[in-house]
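Asker: Provide a 3D model corresponding to the input given below.
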Amino acid sequence: QINLRKTKVLIFNRTGRAFPNIKFLLGSEKIDTANSYCYLGLLLSSSGSFAPAKKQLALKARKAVFSIKSLIRSQISIRALLKIFDVCIKSIMLYGCEIWGKGYSNNNCPIETVHNRFCKNILGVHRNANNSACKAELGRLSLDTDMSVRLVKYWLRLRQLSTCTHPLQVDALLS
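Answerer: The predicted structure is shown next:
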């Protein structure tokens with residue numbers, strides 16, 4: 001049986017506007033429409049934009065950074081801190097990036113902002129210090145590079161699937 005309290009209809013359109021005149025029914029029960037919906041931990045918006053999802057992932061990552069902030073002030077090596085970041089925080093920030101991909105310039109991406117702040121905290125420099133210089137000092141690349149690698153790996157995995165699988169059928173529809 002379908003739980004109508006948890007079931008929502010999300011109408012995708014470029015403007016993200018709601019359509020109050022359109023009603024969806026399951027039998028005689030009305031199904032509510034929503035402007036956004038969290039599916040498998042990724043926020044989907046009716047406009048089709050992944051900007052809200054990226055902001056939500058950045059917020060989750062900031063909370064994770066805050067939870068390990070005491071480690072930054074301790075005597076743990078910078079190398080160990082960067083490893084903790086890569087394992088615990090980068091995985092949060094890049095969750096689903098194979099789907100939402102790129103789309104921001106590096107300077108105003110909320111996910112890259114979390115990375116920049118973490119690098120500056122480790123180095124103990126002012127928050128207005130140059131982002132590229134801080135990452136270079138730590139030997140770090142932009143997260144955009146990691147996203148690109150993940151996107152290419154995902155695309156290569158899709159190409160190896162048989163043609164009757166759902167991802168390739170969707171890809172064919174979008175092409």
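
Asker: Show me the residue at the heart of this structure, geometrically.
Answerer: Most central in the chain under CA atoms, centre = their mean is residue 54, positioned 4.2 Å from the mean C-alpha point.

Asker: these two touch, right, that residue and residue 99?
Answerer: No: with contact taken as CB atoms under 8 Å, residue 54 and residue 99 are classed as non-touching, separated by 11.4 Å. C-beta coordinates here come from the backbone N, C-alpha and C atoms, glycine included.

Asker: and whichever strand in the chain runs longest, what's its mean pLDDT?
Answerer: For the chain, the strand that runs over the most residues, judged by DSSP state E, is strand 29-34. Per-residue pLDDT over strand 29-34 has a mean of 88.

Asker: Mind listing the strands it pairs with, and their directions?
Answerer: Sheet pairing of strand 29-34 (DSSP bridges) gives strand 8-10 (parallel), strand 24-26 (antiparallel).

Asker: how distant is the last one from the center of its chain?
Answerer: Translated: strand 24-26. 31 Å (CA atoms, centre = their mean, to the nearest Å).

Asker: Quick check: mean pLDDT of it?
Answerer: Per-residue scores along strand 24-26 average to 88.

Asker: Mind listing residues that contact it?
Answerer: Outside of strand 24-26, the residues within contact range by CB atoms under 8 Å, 6 or more residues apart in numbering are 2, 4, 7, 9, 30-31, 33.

Asker: redo that, cut-off 6 Å
Answerer: 9, 31 (CB atoms under 6 Å, 6 or more residues apart in numbering).

Asker: repeat for stretch 27-42
Answerer: 4, 7-10, 24, 43-46, 53, 96.

Asker: And stretch 77-96, by the same measure?
Answerer: So stretch 77-96 is in contact with 42, 57, 60-61, 64-65, 111, 118, 122, going by CB under 6 Å, 6+ apart.

Asker: in it, what's buried?
Answerer: 81-82, 84-85, 89-90, 92-96 (16 or more other CB atoms under 10 Å).

Asker: And the pLDDT at residue 169?
Answerer: 61.

Asker: Helix, strand, or coil at residue 147?
Answerer: At residue 147 the chain is in helix, as set by DSSP: H, G, I helix; E, B strand; the rest coil.

Asker: With residue 141 instead?
Answerer: Per three-state DSSP, residue 141 ends up coil.

Asker: Burial check on the closest residue to it other than its chain neighbours, number of neighbours?
Answerer: Computed as CB to CB, 6 or more residues apart in numbering, the closest residue to residue 141 that is not its neighbour in sequence is residue 135, at 7.1 Å. Residue 135: 19 surrounding residues under other CB atoms under 10 Å.
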